[in-house]
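Trainee: Predicted coordinates and the sequence they were generated for:
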Amino acid sequence: MEMQTQLLSGNFELSIKNVNNKIVGDEAMQNKYNLENLVISKPEELIFGTAPHPVECGHGLVIGGGQVYPEINFTLPSMTIEEKTWKEVRKQYTTIIEEVCQRAVTLESSGIVVEFELLPPMTINPEWGAEITQILRNTLDDFYEKEGLRSALRVTPVDVRDSERPPRMRSGKFWEKTYQSFEKCAEAGADMLSIESTGGKEVHDEALVHGDLAGLIFALGSLGVRDMGFLWSNIVEISARHDVIPAGDTACGFANTAMVLAEKKMIPRVLAAVDRVASVARTLQGHLEGALGPTKDCAYEGPYIKALTGVPISMEGRTSACAHLSTIGNVAGACCDMWSNESVQNVRLLSANAPVVSLEQLIYDCRLYNTAIAEGKNYSNNYRRLLIESDIHRDPQAYVLDPEVVIKISQKLINCDTPLAMTFKAVKETINIIEKAYQDKELELNKGDVRWLGLLKNQLGNIPKDESSLLERIQSSPLGDKFLPQEYGI
Amino acid sequence: MRLIEELKKAVIKGHANVDAAYPPDMKGQPGVIDLVNKALEENVELKTILNKGLIGGMNIVGEKFSSGEYFVPEMMISAKAMKGGLNLLEPLLVKEPSQKLGTVIMGTVKGDMHDIGKNLVGMMLEGGGFEVIDLGVDVLPEKFVKVASKHPDALIGMSALLTTTMENMRETIELIRENSLDNKIIVGGAPITEKFANEINADGYSNNAGIVVDMAKNLLKIDNK
């Protein structure tokens, strides 16, 4: 907590000059960024376990301080959450956390991070989310006192603002509930606060299935950034009042939707890869507002955020097969500071309940990471190389997570004046870098992906670059009635 | 007929009209709207324009999607181009017996705001010649019942993305049956399995939007030709 206070008081030196001057959110769309340089500018320094700005949290865990920690996430089996099932809901979480902690002790884990992602009814009823937070907090404290298990609790309210169409982001019942949920979970014992925020998703979803690049850029680089500025200024304020860590966000509702659609062969993988990098300016905005990391596990844009800001990142990969398919299971771990399973339902498997099984897998993966670190630079570099090489030539989504590529693209991003310009630049550079990798036979693409690279390039050349012209174009398209401009400060 | 073949090709390629920039290799060539207008001028039968040109084209688009050649955005573009042509035909079609294959009532169930999957399925069904009544997201069981009672022959399609809302499919189906409605019901969505669909007495399930048109035709006993 001491480190947290220091960071918030201004010793946290992002290489972004204006970070303490609130040049964020709506203002960021008009004001110039003043990015000086990358915090991590060499690919070989973008490595697992170490971040330039580590975060101390919970019972003495230092994230990004030289070790990779497992981050376990779990959810209920299929069941409704209501008054009459609440007793069973409590029992489920009580059982999960006890079993998970016991397994961590048995396997002598050096520490664990537990993430509690609230379900929608638990955010709509903020006291429910707080009640589960309290259960988890108490058990983590007990295991620390009795067994010496070091731990931290990340609590992630659901962005229930997404519960209406068009959504109200800054007013109305759902925003109030989201705010209250953060407040109550912080009070109830969270160490870190996070969210998978959804500002702009109402436009992004539609643009994605239409392959509409202008819509994607507008959703991420304008609406998304504006909402991140608004939302994270509130989360940072709540965090400061309760002395908890404002950790980070994710473009899950955006780029992970793209990833899942790509794996179902509904959209091209190149579009999902472009969308991933296009989400960087949006996620970055939370850190400009004061989020300290670790980023959310499902933020696969994390390596870019780590390079740009130096905050530690949580990542998920092969260990999140319990939640979804991905083709980036190894490379995702190349520079992680926490290693997560995304989420797993509490169902019985042959050996134990699924969260326990997931944690065991995470702990073994982290042992491997930490042994490589302990053995010295050669070992950790070689292990990292294997993680990268085993994925990046098969899929553009993996290719754009190669630290070499991350640094190359990030170097271009820091020269942008505004978040929207950064989003445009991310799209352009990603298309170019994928195209070159394909031509150089560094990357395999199928015919459809090659066709779509051309289509994306063609589209990009015909999109107005300034926000007001882009807004005008979007408002005169079928996307125009999907969002409420005033809810984004427009 | 050559004109209808051209129309079909324009639908397949998603080329809406002569000014449309998409696809780049058809820029400047007549699109769906131009070709439907031409067909009307040449007094081609409405059902030929509709079934062989527009729906025929969309059937090929569906096949290309199922085989992995096309992605959803390409289907969407084709569907939009097809709709442009359909808009020209609709005022004329109302004077003729219905050309629709059947009606499908669709919605994401109570408590769930996810609609990407539902919209895809709706678009496939429309392109396949069905009339789609889209109830939107977070649809209460009572709403499904109310609309189904007005369309007793319609197929009902329900979607859910969350493990915590999929149970609302069961509730909805129970209410539909309690109201003595025997509409056929299909369910889908990321957490849904065939086992779950059977357990809640759904008539059909798929995790693939590409096969939904055939499934609807089978359930509504519509000749596949």
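Mentor: Yep, that arrived. Numbering: from 1, shown residues only, chains lettered A, B, ... in the order given.

Trainee: wait, what's in contact with A:Ala255?
Mentor: Taking C-beta atoms under 8 Å, 6 or more residues apart in numbering or on different chains, we find A:Ala255 in contact with A:Ala272, A:Asp275, A:Arg276, A:Ala278, A:Ser279, A:Tyr300, A:Glu301. All C-beta atoms are positioned from the backbone trio N, CA, C, and that covers glycine.

Trainee: Dihedrals phi and psi, the spatially most distant residue from the centre of chain A?
Mentor: Centroid-distance maximum for chain A: A:Lys84 at 33.6 Å, with C-alpha atoms, centre = their mean. The phi and psi values for A:Lys84, taken as degrees, to the nearest 10, are phi -70, psi -20.

Trainee: Spatially nearest residue to the residue of the stretch 51-200 of chain A found nearest chain B (excluding sequence neighbours)?
Mentor: Nearest residue of the stretch 51-200 of chain A to chain B, counting by C-beta to the nearest C-beta: A:Ser78, 4.6 Å away. Leaving out its chain neighbours, the residue that sits closest to A:Ser78 by C-beta to C-beta, 6 or more residues apart in numbering or on different chains is B:Thr163, at 4.6 Å.

Trainee: Near the one you found, how many residues? Count them for me, please.
Mentor: 17 (other C-beta atoms under 10 Å in any protein chain shown).

Trainee: One more: A:Asp243?
Mentor: Neighbours of A:Asp243 under the rule other C-beta under 10 Å: 12.

Trainee: Ok, A:Glu342 next?
Mentor: Using other C-beta under 10 Å, A:Glu342 is surrounded by 22 other residues.

Trainee: cool, A:Arg385 as well?
Mentor: A:Arg385 has 11 neighbours, counted by other C-beta under 10 Å.

Trainee: Can you classify it by secondary structure?
Mentor: Of the three states, A:Arg385 takes helix under DSSP: H, G, I helix; E, B strand; the rest coil.

Trainee: OK, contacts around the residue farthest from the centre of chain A?
Mentor: A:Lys84 neighbours (C-beta under 8 Å, 6+ apart): none.

Trainee: For chain A, see how far away the residue nearest to B:Val61 when sequence neighbours are not counted is.
Mentor: Nearest in space to B:Val61, with sequence neighbours left out and distances taken as C-beta to C-beta, 6+ apart, is B:Ser78 at 4.5 Å. B:Ser78 is 11 Å from chain A, where distance means C-beta to the nearest C-beta, to the nearest Å.

Trainee: Wasn't B:Ser78 part of a strand?
Mentor: No. Going by three-state DSSP, the assignment for B:Ser78 is helix, not a strand.

Trainee: dump the residue contacts of the residue nearest to A:Ser78.
Mentor: A:Thr75, A:Leu76, A:Pro77, A:Ser78, A:Gln345, B:Pro191.

Trainee: what are the phi and psi values for it?
Mentor: Torsion angles, degrees, to the nearest 10, at B:Thr163: phi -70, psi -20.

Trainee: Local confidence estimate at it?
Mentor: Looking at B:Thr163, its pLDDT reads 80.

Trainee: What of A:Glu13?
Mentor: The model reports A:Glu13 with a pLDDT of 41.

Trainee: same check, this time on the one 5 residues further on
Mentor: Note on A:Asn18: pLDDT of 35.

Trainee: same check, this time on the one 5 residues further on
Mentor: A:Ile23 carries a pLDDT score of 43 in this model.

Trainee: give me the number of residues near A:Ala334?
Mentor: Neighbourhood size, A:Ala334 [other C-beta under 10 Å]: 27.

Trainee: for A:Asp162, that is, sorry about that
Mentor: Residues contacting A:Asp162 under the criterion other C-beta under 10 Å number 21.

Trainee: ok so, going back, biggest separation within the contacts of B:Thr163, which pair?
Mentor: Spanning the widest gap among the contacts of B:Thr163 are A:Leu76 and B:Pro191, at 12.1 Å by C-beta to C-beta.

Trainee: Of those two, which one has the most company?
Mentor: Neighbours were counted for A:Leu76 and for B:Pro191 using other C-beta under 10 Å; A:Leu76 has more, 19 against 14.

Trainee: quick one, phi psi at the residue nearest to that one when sequence neighbours are not counted?
Mentor: Nearest residue to A:Leu76, sequence neighbours excluded (C-beta to C-beta, 6+ apart): A:Gln92, at 5.5 Å. A:Gln92 adopts backbone torsions of phi -60, psi -50, taken as degrees, to the nearest 10.

Trainee: State the three-state secondary structure for A:Gly229.
Mentor: Per three-state DSSP, the local secondary structure of A:Gly229 is helix.

Trainee: Could you tell me how far it is located from A:Ala291?
Mentor: With distances taken as C-beta to C-beta, to the nearest Å, A:Gly229 is found 11 Å from A:Ala291.

Trainee: Also A:Leu460?
Mentor: Taken as C-beta to C-beta, the span from A:Leu460 to A:Ala291 is 30 Å.

Trainee: Tell me which of the two has more neighbours.
Mentor: A:Ala291 (30 against 16).

Trainee: per-residue confidence for the more buried one?
Mentor: We have a pLDDT of 97 for A:Ala291.

Trainee: now swap in A:Val400 and tell me
Mentor: We note a pLDDT of 98 for A:Val400 in this prediction.

Trainee: Contact partners for the one residue in chain B that gets nearest to chain A?
Mentor: Using C-beta to the nearest C-beta, the single residue of chain B nearest to chain A is B:Pro73, 2.9 Å away. For B:Pro73, the contacting residues are A:Val209, A:His210, A:Gly211, A:Asp212, A:Ile267, A:Leu271, by C-beta under 8 Å, 6+ apart.

Trainee: change it to 10 Å
Mentor: Applying C-beta atoms under 10 Å, 6 or more residues apart in numbering or on different chains to B:Pro73 gives the contacts A:207-212, A:261, A:266-268, A:271, A:452, A:455, B:14.

Trainee: coming back round to it: okay, and the common contacts of A:Gly229 and A:Ala291?
Mentor: Shared contacts of A:Gly229 and A:Ala291 (C-beta under 10 Å, 6+ apart): A:Gln285.

Trainee: Can the lowest-mean-pLDDT helix or strand in chain B be said to contact chain A?
Mentor: None of the helices or strands of chain B scores lower by mean pLDDT, DSSP states H and E than helix B:116-127, at a mean of 83. Yes. Using C-beta under 10 Å from any C-beta of the partner chain, helix B:116-127 reaches chain A at B:Ile116, B:Gly117, B:Asn119, B:Leu120, B:Met123.

Trainee: so A:Thr371 sits right up against A:Tyr379, yeah?
Mentor: Yes. Judged on C-beta atoms under 10 Å, A:Thr371 makes contact with A:Tyr379 at a distance of 7.8 Å.

Trainee: so how far is A:Leu387 from the residue nearest to A:Ser78?
Mentor: 31 Å.

Trainee: okay, now residue 200: neighbour count?
Mentor: Since you didn't name a chain, this refers to chain A. A:Gly200: 31 surrounding residues under other C-beta under 10 Å.

Trainee: looking at chain B here, not the other one
Mentor: 19.

Trainee: now it, nearest residue through space, not along the chain?
Mentor: The shortest distance from B:Ile200 to any non-neighbouring residue, by C-beta to C-beta, 6+ apart, is to B:Arg170 (4.2 Å).

Trainee: Tell me the first helix or strand C-terminal of the helix or strand harbouring the one you found.
Mentor: Assigned by DSSP states H and E, B:Arg170 falls within helix B:167-178. For helix B:167-178, the following helix or strand on the C-terminal side (DSSP H and E) is strand B:185-188.
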